[in-house]
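Engineer: After the sequence you'll find the predicted model.
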Amino acid sequence: MAALPKDTVIAVIGAGAMGAGIAQVAAQAGYPVLVYDAKDGAAAGGIAGVGASLAKLVDKGKMAADLRQAIISRLTAVDSLAALAPAGLVIEAIVEDLAVKRSVFQQLEDILGEGAILATNTSSISITAIANGLKRPGRLVGMHFFNPAPLMALVEVVSGLTTDAGVAQAVYDTAAAWGKSPVHAKSTPGFIVNRVARPFYGEALRVLQEQGASVPTIDAVVKEAGGFRLGPFELMDLIGHDINFAVTNSVWRAYFNDPRYQPSLIQQELVEAGWLGRKTGRGFYEYGGSAPAPQPATAAAASRPARVAVSGPMADHPLAARLKAAGIALESCPGDDAFLQADGVRLAPSDGRPATLRAAQDGIADLVLFDLALDFGSCQRLAVSVADQASVTALTAAAGLLQAAGIAVSLFNDVPGLILTRTVAMLANEAAEAVHHGIALPADVDTAMLKGVGYPTGPLAWADRIGLGRVVAVLDNLQQTYGEDRYRPSPLLRRKAAAGRGFHG
Ligand code: NAI
């Protein structure tokens, strides 16, 4: 298979937020594009919008004026479905309604040539269901762009039960020729991104509900330790709680109420209050007012330890290297577990057990747990939790140690898996489950999360780095702590961990 030839006429139906952007992408790639919208003037308006946004690029010196003109000249507004007859690929981006989409595609089958490809940009409707009732259901495929389409690289190419493999491949190759990063996926609720991303919101909402930490504290840790561009609450405020809550609900219902996707009462409250996020001026945060931005909880400066004991498994850890570089004397100490110890206080990475339970099980009272980081060698902040049995000075000792390495400390209440440990384990679990069910290949799942939602690394690559055995242990501990099916590890994750393999090589 190869990309559709450059003289193939592309038709875009629906000239709203997505359709106009998709039309721009195709025209920018050199293809002639017809744009149709049921609303009078909307197609021309969509093209005018593309012209205006390209004019801004010209003004900034990022695009030549004659290139802009060439792109615009390839976009033509038409006023009927019948006018789309010459199209070889139709991309539908109309209202998210199964009956309306089906009807449009059924009409198109009588208008277009038999070889034309029918693509839908739906983000939540089954491709299999849209194809049902078509004369040539094999010609219908999902071509799911992300908003804004000209900027976001990901395109999920979604095959329903009846989609021809060759049709999916032609759309994949065409998206690649348009400069996008396409991935293949099977039609399943949420496809890849809207499914695998659920724990990013869900775990933060759980930790908030359990009063593990404040909204700005969780956001700060996820950004400064996790390397995510936005914290989960900032991102939900940006997306809009009405939309984010609706997507969570639809995925949860579509998977027959699997507790992994269970929506949050906290988010429901926001929706019911009309606090939908940025667009209403208030969500988890307030916007536009004069109130100062809420600050993350940060432990007060504490004195640095004279020396730190380092257990064997922690010897090569970047935190030990940072302490050494800061001039702290390191001593090796015996122990099969990874930990650092200063002034009798033990600091260990979270394994998904609450600190208090672990302190009791392991017989160590002065226990402080630290959260995961994307890169312990450079992170600026870490979340910690302290066992209930610990002495009153335990937090100060732990804070002094981490601050000596240049790391701000955010104290969490004793929730299992703090925030990044549990979130990354659950993202990896969801990604593994999608692979386990044959929805997508590991590389495509990681590409989807990198290019579709800008994660700092793919969840499966991150799990490989942590070690799959550790990820499974975190999930097992979460499942045991909560007694909930929500945290059950994917059989594939367990199998790969047992084999000592990773997802990538
Ligand atoms: P929108 O409301 O901005 O635009 C939809 C356009 O379709 C409107 O101009 C409307 O007049 C037109 N339209 C409605 N019914 C029509 C019909 N029967 N025939 C022709 N035109 C019709 O919607 P948006 O946000 O662009 O979404 C379009 C599709 O893309 C939906 O299926 C949505 O789920 C999907 N999508 C949306 C994303 C987003 O972030 N907004 C992201 C990815 C997919």
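Structural biologist: Good, I have the coordinates. Since the structure is predicted, the reported quantities are computational estimates derived from the model, not experimental observations.

Engineer: alpha carbons only for contacts and neighbour counts from here, please
Structural biologist: Will do.

Engineer: Domain map for this protein?
Structural biologist: Using automatic domain parsing, the domain parsing of the chain gives 10-187, 195-280, 308-411, 420-449+459-499.

Engineer: Just give me the neighbour total for the residue lying closest to Gly458 once chain neighbours are set aside.
Structural biologist: Nearest in space to Gly458, with sequence neighbours left out and distances taken as Cα to Cα, 6 or more residues apart in numbering, is Asp446 at 4.0 Å. Here the number of neighbours of Asp446 (other Cα atoms under 10 Å) works out to 25.

Engineer: Report the contact partners of Asp446.
Structural biologist: Under the criterion of Cα atoms under 8 Å, 6 or more residues apart in numbering, the neighbours of Asp446 are 457-461.

Engineer: go on, Leu134?
Structural biologist: Here Leu134 is in contact with 105-106, 109 (Cα under 8 Å, 6+ apart).

Engineer: From the ligand, how far off is it?
Structural biologist: Distance, Leu134 to the ligand, by Cα to the nearest ligand atom, to the nearest Å: 17 Å.

Engineer: Mind listing the residues bridging to Leu382?
Structural biologist: Val409 (DSSP bridges).

Engineer: my guess is it meets Val222, correct?
Structural biologist: No: contact criterion Cα atoms under 8 Å: Leu382 and Val222 do not qualify, at 9.2 Å.

Engineer: Let's check: the centremost residue of the chain is which one?
Structural biologist: Nearest residue to the geometric centre of the chain (Cα atoms, centre = their mean): Ala197, 4.0 Å.

Engineer: one step back: would you convert the domains of the chain into TSV that also reports mean pLDDT?
Structural biologist: Putting the domains of the chain into TSV (pLDDT from 0 to 100) gives the following:
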stretch	mean pLDDT
domain 10-187	97
domain 195-280	97
domain 308-411	97
domain 420-449+459-499	98
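
Engineer: CSV please, covering those domains and showing distance to Ser290.
Structural biologist: Compiled in CSV, those are given as follows (distance: least, Cα to Cα, whole Å):
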stretch, distance to Ser290
domain 10-187, 30
domain 195-280, 15
domain 308-411, 26
domain 420-449+459-499, 31
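
Engineer: Out of the ones you listed, which is closest to Thr298?
Structural biologist: domain 308-411 (4.8 Å; Cα to Cα).

Engineer: so how far is that closest one from its chain's centroid?
Structural biologist: Here the centre of domain 308-411 is set off from its chain's centre by 29 Å, with Cα atoms, centre = their mean, to the nearest Å.

Engineer: Just the endpoints, please. Distance across it?
Structural biologist: 21 Å (Cα to Cα, to the nearest Å).

Engineer: Break down the stretch 401-505 of the chain into its helices, ranges please.
Structural biologist: Here the stretch 401-505 of the chain has its helices, by DSSP state H, counting those that start in this stretch, at 420-436, 442-452, 459-466, 468-482, 491-499.

Engineer: Next, count neighbours for the residue of the stretch 351-500 of the chain found nearest the ligand.
Structural biologist: Per Cα to the nearest ligand atom, Gly452 is where the stretch 351-500 of the chain lies closest to the ligand, at 10.3 Å. By the criterion of other Cα under 10 Å, Gly452 has 21 neighbours.

Engineer: cool, and Ala383?
Structural biologist: By other Cα under 10 Å, neighbour count at Ala383 equals 28.
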